[in-house]
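Peer 1: I would like the atomic coordinates for the input below:
(chains A, B, C and D)
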Number of protein chains: 2
Amino acid sequence: MTQLLLHAPHQNFLLAALPEEDFVRIKAMLELVPMPLGQVLYESGGKLHYVYFPTTSIISLLYVLENGASAEIAVVGNEGILGISLFMGGETTPSRAVVQSAGFGYRLKASLLKQEFNRGGPMMHLLLRYTQALITQMTQTAVCNRHHSVDQQLCRWLLLSIDRLASDELSMTQELIANMLGVRREGVTEAAGKLQKAGLIDYSRGHIKVLNRAGLEKKVCECYQVVKTEFDRLLPDLKRAHHQTLSKTGI
Amino acid sequence: MTQLLLHAPHQNFLLAALPEEDFVRIKAMLELVPMPLGQVLYESGGKLHYVYFPTTSIISLLYVLENGASAEIAVVGNEGILGISLFMGGETTPSRAVVQSAGFGYRLKASLLKQEFNRGGPMMHLLLRYTQALITQMTQTAVCNRHHSVDQQLCRWLLLSIDRLASDELSMTQELIANMLGVRREGVTEAAGKLQKAGLIDYSRGHIKVLNRAGLEKKVCECYQVVKTEFDRLLPDLKRAHHQTLSKTGI
DNA sequence: ATATATATGTTCGAATACGAACATATAGTG
DNA sequence: CACTATATGTTCGTATTCGAACATATATAT
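Peer 2: Okay, here's the model as predicted:
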């Protein structure tokens, strides 16, 4: 019963941005699911049976090389959907999706999503605009990987992550962050140590709290703002949806 | 008159992969345009008035940082289309499109493309599948930027480029390649020198000829094959179209 | 409370790429 | 032909990251 109050589809802003009519129709098909840390939602090349709309969780899209090294391509949180390859027509992608921050989300059967997409209405256009925003995130990751230091990338990663959560805290070991950023664990230790000394974050055994968000924004490379601006531009409805959600839940 | 024989829309495999009915309809709206080296087809954030279907040219999508440094996100050749943001709904993107290899292509008015996309038929699905293939290229670039050496990246870049041309030669200075890869010119000089010594390429003042394609494929990182495989998987029609083109033009 | 697994901190030599300076070579131009 | 702009080759010191080894600290289980 508590869960019914704590969880609602409109906590996912992509869903919340839909016109009432579409939202109601889709809502009836959604299924609330817990998303524990580390859960692999799909494997590279595997078939997707569901798409996911995270509400309180974050999903990391990452690519794993033959030698086991990895790199994060993008993150999906309560602003998005996991499983774009379904409506893009490819069915699969060469990357992996892992729950990076435990929480909940709603899932929708693949066939139902395709059906909704093929209606060609607001849902389709919203999904396509979201996909373009995701593309921006991916390309910016490529640029950032090329030109920016581990320090800057950690800041970007932290900001992108907490933006996709209600909270300013996240559970994540340095080892895992290193996997995401595609760098060594020691590199993350050093970078995080600097941020800690500067009083921007508080770090202890898999638990990070952002103490000074503005400070992080001063240190981060331009990549963060580019991604954020592009999401806001392409999906202005999300902000509106966000505000509505806040007022509905009375936060 | 010669031009009419040398140039035809079906040299762009994305167009050629369309059903006859759609191809004929769209063909009537296309306009052949020369695409000189270095031409900027669109600027970051700028509005697109046309989409481009390259036939004998290659277009580079690159992102330019505030400090002037740059990195290539993806390349578009005769297998694709420039301007996906139009049908994705964003209208603009934060990247720049530059002609990387001079040649020709066909352009189509933005409004007409959107109209075709919104028919929801084969054209829409082809464009979406192409977009997914492009996403793979972008994400693989991100991974490659993180984990692979300049040497390997140069091989990848060369292979991706000649795949998008009929020829095994391209006109491109080391300086420009460095801009694409987001590395120093000296780095490219060194890497290209090694390939030259190994007899894999012939390099001289802005003109590269691939002498031993198989040799390059042995040296390249896995990223090249991942992108190629994904294009073939998502767009099998392109291969078929390719063969038809060869027989039609009698090459 | 003790043992153990896990997380974080620290150090050091090696490898790679950077930034800058300069040398050489070739295409075009007058 | 000589001149000039451009392209490529080479070198050297520096910075960053890597890879590996090892030290310390904290949570969890018994």
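
Peer 1: Let me know the distance separating the closest residue to chain B within chain A from residue A:186.
Peer 2: Nearest residue of chain A to chain B, counting by Cβ to the nearest Cβ: residue A:142, 3.7 Å away. C-betas here are computed from N, CA, C, even on glycine. Here the criterion is Cβ to Cβ, to the nearest Å. By it, residue A:142 lies 24 Å from residue A:186.

Peer 1: re earlier: do I have it right that the residue of chain A closest to chain B meets residue B:137?
Peer 2: No: contact criterion Cβ atoms under 8 Å: residue A:142 and residue B:137 do not qualify, at 10.0 Å.

Peer 1: In space, what's closest to the residue of chain A closest to chain B - neighbours in sequence excluded?
Peer 2: Spatial nearest neighbour of residue A:142, excluding adjacent residues (Cβ to Cβ, 6 or more residues apart in numbering or on different chains): residue B:142 at 3.7 Å.

Peer 1: For the one you found, grab phi and psi.
Peer 2: Per-residue torsions, residue B:142: phi -60, psi -50 (degrees, to the nearest 10).

Peer 1: you'd agree it is up against residue A:65?
Peer 2: No: judged on Cβ under 8 Å, residue B:142 makes no contact with residue A:65 at a distance of 12.0 Å.

Peer 1: joint contacts of the two?
Peer 2: residue A:71 (Cβ atoms under 8 Å, 6 or more residues apart in numbering or on different chains).

Peer 1: burial measure for the residue of chain A closest to chain B, as a count.
Peer 2: 28 (other Cβ atoms under 10 Å in any protein chain shown).

Peer 1: and the gap between it and DNA strand C?
Peer 2: In this view, residue A:142 and DNA strand C are 14 Å apart by Cβ to the nearest atom of the strand, to the nearest Å.

Peer 1: residues contacting that residue?
Peer 2: Contact analysis of residue A:142 by Cβ under 8 Å, 6+ apart lists B:63, B:71, B:73, B:138, B:139, B:141, B:142, B:145.

Peer 1: same thing but 7 Å
Peer 2: When contacts are counted by Cβ atoms under 7 Å, 6 or more residues apart in numbering or on different chains, residue A:142 touches B:71, B:73, B:138, B:141, B:142, B:145.

Peer 1: again, but for residue A:214
Peer 2: Applying Cβ under 7 Å, 6+ apart, no residues contact residue A:214.

Peer 1: do residue A:183 as well
Peer 2: residue A:150.

Peer 1: Give me the residues contacting stretch A:111-118.
Peer 2: Taking Cβ under 7 Å, 6+ apart as the rule, stretch A:111-118 contacts A:26, A:29, A:51, A:86, A:87, A:123, A:124, A:127.

Peer 1: what helices or strands is the helix or strand hosting the fifth one leaning on?
Peer 2: If I follow you right, that is residue A:87. Residue A:87 is part of helix A:84-88 when elements are defined by DSSP states H and E. Other elements packing on helix A:84-88 under the criterion 3 or more Cβ pairs under 7 Å, 6 or more residues apart in numbering or on different chains; DSSP states H and E are helix A:110-118, helix A:122-147, helix B:122-147.

Peer 1: As TSV, those with mean pLDDT would be great.
Peer 2: Below are the helices and strands packed on helix A:84-88 laid out as TSV (pLDDT from 0 to 100):
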stretch	mean pLDDT
helix A:110-118	97
helix A:122-147	97
helix B:122-147	97
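
Peer 1: Using TSV, lay out those together with distance to residue B:220.
Peer 2: Converted to TSV, the helices and strands packed on helix A:84-88 look like this (distance: least, Cβ to Cβ, whole Å):
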stretch	distance to residue B:220
helix A:110-118	34
helix A:122-147	18
helix B:122-147	10
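
Peer 1: Out of those, flag the one nearest DNA strand D.
Peer 2: Among these, the nearest to DNA strand D by Cβ to the nearest atom of the strand is helix B:122-147 (7.4 Å).

Peer 1: next SSE after that closest one?
Peer 2: Moving toward the C-terminus from helix B:122-147, the next helix or strand (DSSP H and E) is helix B:150-163.

Peer 1: Any chance you could list what contacts that next one?
Peer 2: So helix B:150-163 is in contact with B:58, B:75, B:144, B:168, B:170, B:177, B:180-181, B:183, B:187-188, B:191-192, B:194, B:210, B:216-217, B:219-221, B:223-224, B:227, going by Cβ under 7 Å, 6+ apart.

Peer 1: Go through those residues and flag which are in strands.
Peer 2: Counted as lying in strands by DSSP state E, out of the contacts of helix B:150-163, are B:58, B:75, B:170, B:210.

Peer 1: Stretch A:187-202 and DNA strand C in contact?
Peer 2: Yes: Stretch A:187-202 lies within reach of DNA strand C by Cβ under 7 Å from any atom of the strand, at A:189, A:190, A:192, A:193, A:196.

Peer 1: can you list these in CSV and add pLDDT, neighbour count and distance to chain B?
Peer 2: Shown next, in CSV, are the residues of stretch A:187-202 next to DNA strand C (pLDDT from 0 to 100; neighbours: other Cβ atoms under 10 Å in any protein chain shown; distance: Cβ to the nearest Cβ, whole Å):
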residue, pLDDT, neighbour count, distance to chain B
A:189, 96, 15, 19
A:190, 94, 14, 18
A:192, 95, 20, 19
A:193, 94, 12, 22
A:196, 93, 15, 25
